[in-house]
Structures are given as C-alpha cells and as structure tokens.
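Asker: Whatever this is, show me its structure:
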Amino acid sequence: MSKTEFESFIFSKCFWLNSERIECIRSEILPTVYDRVGGDAPIQKLSSSFYERVYNDPSLKTIFASSTKQEAVENQADFLTQLFGGPRRYAERKGKYTRLVSRHGAYQINERHAEQWLAHMRVSIEDVPEFANDDELSCALNDYFTYTAFWIVFGLTNGIVNRGQPTGGTTVDPGRNW
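Answerer: Numbers count the residues shown, from 1 in each chain. The predicted model follows:
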C-alpha cells in the first residue's frame with residue numbers, strides 16, 4: 001500500500017485535510033501543545049472526559065472491554081502527553097513506537113466506530129477549557145484526531161498490522177515497526 005493510496009483514503013473521509021495541514025499540525029504548533037495547555041492536568045481531563053463517554057456508549061464499550069476505564073484513560077493520557085511534547089511516559093511503559101494500527105489490530109474497528117469515537121472526542125475537547133478556549137489548538141486537535149481515527153481504520157481494513165505486536169496491556173514493545 002503506497003502513501004498516496006493511504007492519503008487518498010484518509011482525505012476522502014476528511015475533505016478539509018491535506019498533507020500540508022497534517023505536517024503543520026505535527027511540526028509547527030509552538031509552544032508544544034503540552035506547554036500551551038499547562039501540562040498534564042488538561043490532558044488528563046480530556047482523556048477522562050472522553051472515556052467517560054466511550055464506556056457509556058454501547059457501540060464502543062465492547063472495543064475497550066479488555067481494559068478498565070482507568071487503564072484506558074492512563075494509556076491515552078500518557079500517549080497524548082508524549083505526542084503533545086510532554087514527558088515520554090507512554091514510551092517508558094509501552095515501548096519506543098506507538099504503532100496505533102497494530103495496537104488496535106485485535107479489534108473490529110470500522111468507519112462507524114471511528115465516527116463515533118470522533119464525536120466523543122470533539123465533545124471532550126469542548127469540555128476542557130484549555131483546549132476549548134483556544135480555537136487554533138482545538139481545530140488542530142480535531143484535524144489530528146480525525147486523520148488518526150481514519151488512519152487506524154484504513155490500516156486495519158487493508159491488513160497493515162504486525163500480528164506479533166502487542167495490542168495493549170503493559171507488554172513492552174522491543175522496537176519493531178509495522
């Protein structure tokens with residue numbers, strides 16, 4: 001699967017995104033999101049708000065049944081903290097690479113799940129003033145999460161999964177790349 005085919009799929013689902021916008025989100029938001037929102041607390045609030053919704057949503061709850069809500073919050077908060085330029089707690093617990101597609105490989109995630117996931121994330125962003133009151137940041141996060149949700153769906157539906165990769169838990173990844 002080429003990068004062009006992958007991006008064509010993603011951008012067909014997210015018509016307002018393009019390669020340049022994603023690169024800008026990845027590299028040009030300074031100060032880091034972590035610093036911009038004031039550190040851990042807003043990211044923790046975002047993850048807590050999000051998983052409160054997910055665990056009350058029958059269409060998504062089964063996807064997360066293998067972990068407790070607290071484990072899911074911790075995993076996401078650590079991942080987002082690292083992604084947003086904060087401490088690398090996720091890598092310390094899970095290994096060097098995030099491998100989002102592989103980590104979700106055991107679950108039957110489809111476009112409907114991605115859309116529902118995104119609906120909960122958008123409301124959760126609005127729940128946290130540090131994100132909601134910063135229009136540029138909230139727009140960038142919505143774009144990033146949209147891109148990533150459909151990237152995971154694309155990877156799962158097109159077989160881009162390393163079946164030897166742990167899908168979650170506390171197993172440390174030795175550094176393989178999907």
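Asker: And Ala65, its phi and psi?
Answerer: The phi/psi pair for Ala65 (degrees, to the nearest 10) reads phi -60, psi -20.
Asker: If you count neighbours, what's buried in whichever strand or helix holds Glu71?
Answerer: Glu71 belongs to helix 69-83 when assigned by DSSP states H and E. For helix 69-83, burial by neighbour count (16 or more other Cβ atoms under 10 Å) applies to Ala72, Val73, Glu74, Asn75, Gln76, Ala77, Asp78, Phe79, Leu80, Thr81, Gln82, Leu83. (C-beta placed from N, C-alpha, C; glycine too.)
Asker: Equivalent analysis for stretch 106-116, please.
Answerer: Here stretch 106-116 shows Ala106, Tyr107, Ile109, His113, Ala114, Gln116 as buried, counting by 16+ other Cβ under 10 Å.
Asker: What segments of this protein are helices?
Answerer: Remark: helices assigned in the chain by DSSP state H are 3-13, 19-27, 33-37, 40-54, 58-61, 69-83, 89-94, 100-103, 111-127, 129-132, 135-157.
Asker: give me every residue that touches Glu130.
Answerer: Contacts for Glu130 were tallied using Cβ atoms under 8 Å, 6 or more residues apart in numbering; they are Val37, Gly38, Pro42.
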